[in-house]
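sequence first, predicted model second:
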Amino acid sequence: MKRLERLTPLLKRFMEQGGPAGCACTVMRRGEVVYRENFGYANIEKNIPIGPDTLYRIYSMTKVITCTAALMLYERGLYQLNDPLDEYLPEFKNPQVYRQDGSGSLTVSPAASPIRIKDLFTMTSGLTYDGDGSETERKTALIYRNAPATMNVRELSKALAEVPLAFDPGTRWRYGLSHDILGALVEVLSGQSFGEFLKKEIFEPLGMKDTAFRIREDERDRLSVLYDCAADGTLTPNTRLDAQFQPDCRFESGGGGLISTMDDYARFAQALVQGGELNGVRLLSPKTVQLMSTNHLTPQQLNDFSWDHLSGYGYGLGVRVMIDPAAGGINGTIGEYGWAGMAGSWLLIDPREQLTVVYMQQMLPSREAFIANRIRNVVYGALE
């Protein structure tokens, strides 16, 4: 795979053309590292380069770990995917939905069906993120934006259950806080805090010693600075979003709260690409990983899953799933799956090729649509 060397000028060009201060990329095939490079700076102001021990806020790449944890409990027979969520989180009994009547006025009425646990995995629950696009988003914002300072994941779950949903569960797709509620479900089913479960069941067994919800004092110089990137490429440190990572924070976000390193996350990716097992540690069975990485969306829901840079993809149990290479102009494999993080971290897993790609950066906006798909094109162009 000598042509993987093409990644080096590509990644350097990203940084030169209004991209991140630094980045890292690891490609593994059939269990072997075939490309691993670090570029640029984790901290421009202190002249600290990106290195093997650099810590990154992985944001929504947390979701893949959360869904894996929840599926581990599924394999223990603790729930069924089609079970109503309120059987385990009673605050979600009798959910309400915002609707518009014939005159365009907003009304609230009972949901046509309960939220199923599967709806949390597939983002079809009716829960949203905070925003201003709908009344559900506005009400969610009042709760979620204060969550790191005021509540834990169970308290968040109970607060969000009071907000009418954006649509009837199971009918549409909407990116939102569904995986944070999965974290609450893990707590209830396991009898442990979400962070404790991840540590005992995933991080310690896999040797992911640097992955956690909070930053330790002795690690602060290892945490890459998160930079805001202006239109002209100017990078400015962003400290506004770090409350959830502080030692005194009780909030453990299953949707976006983990800090990790390149090596830690690459180990997790290797476990998934090998059917749920790494070095004798089995997280999931190959059949469950296959279920996770299968498209679960209906045609209507696929219409909602309409981000341009994900053309050709469906959505499984917490991961994008490549289903139509022609639609996306993708030179990859049907069944490739993964996800990305808000600051630009990105994951690709291809079971057929026994291929994983983990990319890390810390920049807002992330330019994911520009960067990630170009990395994918170069990686697949290097396969022989």
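Looks like it came in fine. Numbering: from 1, shown residues only.

now do the domain split for this protein, please.
For the chain, automatic domain parsing gives the domain ranges 2-57+220-381, 72-190.

now render these as JSON lines, adding distance to residue 213 and mean pLDDT.
(Glycine included, C-beta is placed from N, CA and C.) Listed next are these as JSON lines, based on distance: least, CB to CB, whole Å; pLDDT from 0 to 100:
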{"stretch": "domain 2-57+220-381", "distance to residue 213": "5", "mean pLDDT": "97"}
{"stretch": "domain 72-190", "distance to residue 213": "10", "mean pLDDT": "96"}
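
what's the closest of these to residue 204?
Residue 204 sits nearest to domain 2-57+220-381 of all these, at 9.6 Å, using CB to CB.

what's the burial count for residue 299?
Neighbour count of residue 299, defined by other CB atoms under 10 Å: 6.

hang on, I meant residue 303
Every residue meeting other CB under 10 Å relative to residue 303 is counted, giving 11.

got the buried residues for the helix or strand where residue 149 lies?
Applying DSSP states H and E as the criterion places residue 149 in helix 147-150. If you call a residue buried by 16 or more other CB atoms under 10 Å, then helix 147-150 has these buried ones: 147, 148.

can you list contacts of the helix or strand following that helix?
Following helix 147-150 in sequence order, the next helix or strand is helix 153-160 (DSSP H and E). Identification of contacts with helix 153-160 by CB atoms under 8 Å, 6 or more residues apart in numbering yields 89, 91-92, 127, 140, 143-144, 147, 151, 177, 180-181, 183-184, 187-188, 194, 251-254.

and for this protein, the residue most distant from the center?
Relative to the centre of the chain, and counting by CA atoms, centre = their mean, the farthest-placed residue is residue 103 at 38.5 Å.

how close does that residue get to residue 136?
Noted for residue 103: a distance of 20 Å to residue 136, by CB to CB, to the nearest Å.

thinking residue 122 is in contact with residue 172, fair?
No. At 10.7 Å, residue 122 does not count as touching residue 172 under the criterion of CB atoms under 8 Å.

what separation do you get for residue 244 and residue 383?
38 Å.

comparing the two, which residue is more hemmed in?
The neighbour count for residue 244 versus residue 383, taken as other CB under 10 Å, is higher for residue 244 (19 against 15).

OK, contacts around the nearest residue to residue 43 once chain neighbours are set aside?
In space, and not counting its chain neighbours, residue 43 is closest to residue 225: 4.9 Å by CB to CB, 6 or more residues apart in numbering. Residues near residue 225 by CB under 8 Å, 6+ apart: 21, 42, 43, 44, 45, 237, 238, 362.

just residue 149 next, same as before
Shown in contact with residue 149 (CB under 8 Å, 6+ apart): 243, 249.

6 Å - rerun?
residue 243 (CB atoms under 6 Å, 6 or more residues apart in numbering).

quick check: it vs residue 194, distance?
Remark: distance between residue 149 and residue 194 (CB to CB) = 18 Å.
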